[in-house]
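> give me coordinates for this.
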Amino acid sequence: MKKTALIYGAMGLIPFVAFGILLPIWPIDWQSALVHTFLSYSAVILAFLSGAVWGMTISGAKPDKPTNGLTVGIVFSLVAVGALLMPYPYSLYLLIGSFVILFALEVGLMFKGIYPFWYTLMRAALTAVVVVCHIFLLYWLEGIGLSGLPSQAI
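Residues are numbered from 1 along each chain as shown. This is a model prediction of the structure:
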């Protein structure tokens, strides 16, 4: 299972990294759609990860060690939807913060015995790459002054 999780985790990074590499070289007419797709993919992954917290909590919770895993699963799914409804750059800020906070909560679940240590290490690496990709997108879009991108797309 560990190997499969590592493979799927790495595959989940492909769109994040690809957008980071490809966005500056695509024609300006395509870039707003790529930014929207990046934000949508990011929100889907955040919702997926919060659902994973829900599932792990149900399967591994112990009565003597209560967690907030069910609440986390709901809240971060709603935050992901909210990020899609927000204008740029607030959507990017919200997603960056959400990935970091969700990871911190998962570390807490590891200490409660819900998550294995190897999974937390994997999530640390994945979260770092995802956050860097978001920061790159934010930096790049601010660098071009958003002048070429239609505001309704981002």
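
> mind checking the SS state of Val107?
Under DSSP: H, G, I helix; E, B strand; the rest coil, the three-state class of Val107 is helix.

> thought it was touching Leu121?
No. Contact criterion C-beta atoms under 8 Å: Val107 and Leu121 do not qualify, at 10.4 Å. All C-beta spots, glycine's among them, are computed from the backbone N, C-alpha and C.

> tell me which of the two has more neighbours.
Val107 (14 against 11; other C-beta atoms under 10 Å).

> wait, what's in contact with that one?
Thr120 (C-beta atoms under 8 Å, 6 or more residues apart in numbering).

> so for the lengthiest helix in the chain, what gets flagged as buried?
Across the chain, the longest stretch assigned as helix under DSSP state H is helix 28-60. Neighbour-count burial for helix 28-60 flags 31-32, 34-36, 38-39, 42-43, 45-47, 49-50, 52-54, 56-57, 60 (criterion: 16 or more other C-beta atoms under 10 Å).

> what ranges does this structure have for its strands?
Under the criterion DSSP state E, the chain carries no strands.

> so which residue is dead centre in this protein?
Centroid check for the chain by C-alpha atoms, centre = their mean gives Leu46 as the closest residue, at 4.3 Å.

> roughly how far does that residue sit from Phe117?
Distance, Leu46 to Phe117, by C-beta to C-beta, to the nearest Å: 23 Å.
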